[in-house]
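after the sequence you'll find the predicted model.
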Amino acid sequence: YLRGYREDYNGVLLTPLPIVNLIYLFFMFLIGSLFSVEIFQKIFLFLLIFGSGASAYYACPSSKHGKLFAGILYMINPFTCVRFLAGHTLLLLSYAFLPLFFKSLIDFAKKDTKILKLVTLKKSIEKTGKTRLKIRLHLKELKPIAKISILMTFCIASSHYLPLVLLSLFLFMIIDHKKIKHYLIALLLFFALNFYWIFPIAGETSPHEKIEQISELDLFLFSSKPSLEFNTLFNLASLHGFWRGGYDYAKYHIDFWPILFIIILYLSVHGFLISKEKGKIPLLVLAIICLVFATGISLEPIRDFIMLAYQKISILKGLREPQKLIAMLCFFYAYFSGIGIDSLISSFRKNKILFYAIFLILLFVPIVYSYTMLFGFNGWLKTQNYPKDWEEIDEMLSNDKEDFNVLFLPWHLYMDFKWIPNHDKRIVNPSLAFFKKPIISAENIEAGGIGSQTKKSSLLFVEFLLSNSDKMKNFGELLSLINVK
């Protein structure tokens, strides 16, 4: 299950994997050894959806009615719909942990600084007359700090959310400055847990190398997009705006979708205004910052500022396509709309029929707003086994006990495969995940003027050979230099 991840330098894993990804791969290996991997995949995909709803339900500081609305909205919305269809499972795994992370920050901000004593220094006089300094570590008070650090770590299963979690901690540190030492300890613990992959000792696939490959062309290609008659800013605020078109949003089928969004927006604004949560200001600031950066270069008045920010703050390049940041708006809407709906329907509690009628109507708003997620994503998502000839080739290659690499052609990263039953047949080349032998395959995006950005010597060599194949008569012989049989 670690196929496709390179090892070199005496066995050091050069492809950096966050802790959560390693846990995921371990459970894939464990369950795959006992049962069919299909069972694990179905369980995992189910938990991605319902786990995100459960975490939002738990995080919302409202009654069970408000919590239920928050959970459904966070679980069923245009953002999760398109990310699921795009196959961004690790991003959705991060998304499922975000409510728990923000809840840990909000709960910590409520704690009294007087009881948060991490270390006690006490002087005592021993029989010898010497002064002895006793240091007592309050492990109980370290628990909420450790909880923040661990949840931060889980939120970067998709490492693209690293800027978001760091900014979140920084903003809470500002409004809760009396506990700045505690937040710094949480930050140090976070980096201690993730140092091994954020700052790898070497490797062409290290985070630094990956970030350096991202250019200005990437920012334009993967910029958020407008749709229908609405501009990019409104499109993103309504939880749409994914850079690639062609996905089946509910808004393409219902003309009144802006009304549904306005209801959600009203509930969240109302909930924010009446909320007494200490952490609501940082959440608002985070939501605004994420919306601005998600709009990015698509909004001309701030284009120069965004470009400058990407040039000066290299970690931002790791986002590549900034619509990922709309996850913060999903949480903001869910968290505060849960508070808002609870406030609105509370005046009808004496009339149970009217109370539940209004609640059910409002509960259907997020469901209708992204109803294409239901029933197999409106027919857009289907399961499919690999073709029989792929299995036969894999068996043939596996039976050859020699140590060699396999070159996969055509030389494209994204391709349409006719055996895929979905409406959108274009996927990332799955050969690395399927074949047991080491595979050499393309990493070229081939869109928006971007060809290949790889720095891997083997891939650069193949690209050179292919671009000059008409001049060569010993193509196969040259491939043997990179151990391709």
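Arrived safely, thanks for sending.

please enumerate the helices of the stretch 151-300 of the chain.
Remark: helices assigned in the stretch 151-300 of the chain by DSSP state H, counting those that start in this stretch are 162-175, 180-198, 207-212, 216-221, 232-237, 257-274, 280-295, 300-312.

least confident of those, on average?
If you rank the helices of the stretch 151-300 of the chain by mean pLDDT, helix 207-212 sits at the bottom with a mean of 59.

wait, what's in contact with the residue nearest to Met173 when sequence neighbours are not counted?
Nearest residue to Met173, sequence neighbours excluded (CB to CB, 6 or more residues apart in numbering): Tyr183, at 4.2 Å. (C-beta placed from N, C-alpha, C; glycine too.) Tyr183 makes contacts with Leu169, Phe172, Met173, Asp176, as judged by CB atoms under 8 Å, 6 or more residues apart in numbering.

nearest spatial neighbour of the residue nearest to the spatial centre of the chain, skipping sequence neighbours?
The centroid of the chain falls nearest to Leu91 when counting by CA atoms, centre = their mean (2.5 Å). Take Leu91 and drop its neighbours on the chain: the residue closest to it by CB to CB, 6+ apart is Ser158, 4.0 Å away.

any idea how far that neighbour lies from Phe461?
Ser158 sits 31 Å away from Phe461, taking CB to CB, to the nearest Å as the criterion.

neighbour-wise, which of the two wins?
Ranked by neighbour count (other CB atoms under 10 Å), Ser158 and Phe461 place Ser158 first, with 21 against 16.

pretty sure the more buried one contacts Arg83?
No: look at Ser158 against Arg83 with CB atoms under 8 Å: they stay out of range, at 9.8 Å.

the spatially closest residue to Ser275 that is not a sequence neighbour in helix, strand or coil?
For Ser275, ignoring the flanking residues on the chain, the nearest one in space by CB to CB, 6+ apart is Ile339 at 5.3 Å. Here Ile339 is helix, with the state taken from DSSP: H, G, I helix; E, B strand; the rest coil.

my guess is Ile339 contacts Phe69. True?
No: using CB under 8 Å, Ile339 is not in contact with Phe69; the gap is 9.7 Å.

circling back to that earlier point, pull the number of nearby residues for the residue nearest to Ser275.
Neighbours around Ile339, by other CB under 10 Å: 28.

quick one: it from Asn194, how far?
For Ile339 relative to Asn194 (CB to CB), the value is 33 Å.

for Ala309, same thing?
23 Å.

so for these two, which residue has more residues nearby?
Neighbours were counted for Ala309 and for Asn194 using other CB under 10 Å; Asn194 has more, 19 against 14.

what are the phi and psi values for Val484?
phi -90, psi 120 (degrees, to the nearest 10).

which one of the contacts of Tyr183 has the most neighbours?
Neighbour counts for the contacts of Tyr183 (other CB under 10 Å) peak at Phe172, which has 25 neighbours.

thinking it is in contact with Ala109, fair?
Yes: contact criterion CB under 8 Å: Phe172 and Ala109 qualify, at 6.0 Å.

who touches both of these two?
Gly279.

got the confidence number for Gly379?
75.

what's near enough to touch the closest residue to it other than its chain neighbours?
In this structure, Gly379 finds its nearest non-sequential neighbour in His423, 7.4 Å apart by CB to CB, 6+ apart. His423 sits next to Asp248, Gly379, Trp380 when contact means CB under 8 Å, 6+ apart.

select from those residues the one having the most neighbours.
Of all the contacts of His423, the highest neighbour tally under other CB under 10 Å goes to Asp248, namely 19 neighbours.

quick one, phi/psi of that one?
phi -90, psi 80.

go on, Tyr335?
Reported as degrees, to the nearest 10, the phi and psi values for Tyr335 are phi -60, psi -50.

poorly predicted segments of the protein, please.
In the predicted model of the chain, residues 1-16, 112-141, 199-213 satisfy pLDDT under 70.

now do the strands in it.
All strands of the chain, identified by DSSP state E, fall at 7-8, 12-13, 119-125, 131-137, 406-407, 414-416, 426-428, 439-440.

name the helices or strands packed onto the fifth one?
Read it as strand 406-407. For strand 406-407, the packing partners by 3 or more CB pairs under 8 Å, 6 or more residues apart in numbering; DSSP states H and E come out as strand 439-440.

got the contact list for the strand it packs on?
Strand 439-440 is contacted from outside by Gly4, Asn405, Val406, Leu407, Phe408, Ser431, Leu432, Ser458, Leu459, Val462, Ile482, Val484, using CB under 8 Å, 6+ apart.

same question, stretch 441-458
So stretch 441-458 is contacted by 204-205, 209, 213-215, 217-218, 220-222, 405, 407-408, 410-414, 429, 431-432, 440, 459-460, 462-463, 482 (CB under 8 Å, 6+ apart).

ends of it, what's the gap?
End-to-end distance of stretch 441-458 (CA to CA, to the nearest Å): 10 Å.

can you mark which positions in it are buried?
Neighbour-count burial for stretch 441-458 flags Ser441, Ala442, Glu443, Asn444, Ile445, Ile450, Ser452, Thr454, Ser458 (criterion: 16 or more other CB atoms under 10 Å).

can you redo those residues as JSON lines with distance to Thr295?
Compiled in JSON lines, the buried residues of stretch 441-458 are given as follows (distance: CB to CB, whole Å):
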{"residue": "Ser441", "distance to Thr295": "34"}
{"residue": "Ala442", "distance to Thr295": "32"}
{"residue": "Glu443", "distance to Thr295": "29"}
{"residue": "Asn444", "distance to Thr295": "28"}
{"residue": "Ile445", "distance to Thr295": "23"}
{"residue": "Ile450", "distance to Thr295": "22"}
{"residue": "Ser452", "distance to Thr295": "29"}
{"residue": "Thr454", "distance to Thr295": "30"}
{"residue": "Ser458", "distance to Thr295": "39"}
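
and those residues, which two are furthest apart?
Ile450 and Ser458 (20.1 Å; CB to CB).

Tyr356 and Ala442: what is the separation?
Going from Tyr356 to Ala442 by CB to CB gives 56 Å.

no no, Arg83
24 Å.

Phe359 now?
Counting by CB to CB - Phe359 and Ala442 are separated by 52 Å.

do the same with Leu162
27 Å.

before we move on, what about Arg426?
To Ala442, Arg426 is 14 Å away according to CB to CB.

go on, Ile72?
41 Å.

how near is Ala357 to Leu363?
Separation of Ala357 from Leu363 (CB to CB): 11 Å.

okay, these two: which has more neighbours?
Per other CB under 10 Å, whichever of Ala357 and Leu363 has more neighbours is Leu363, with 16 against 13.

surely that one touches Leu73?
No: with contact defined as CB under 8 Å, Leu363 does not count as touching Leu73 (9.5 Å).

now the helices for the stretch 301-450 of the chain?
Using DSSP H, counting those that start in this stretch, the helices of the stretch 301-450 of the chain run over residues 326-345, 352-369, 374-379, 388-399, 431-434.
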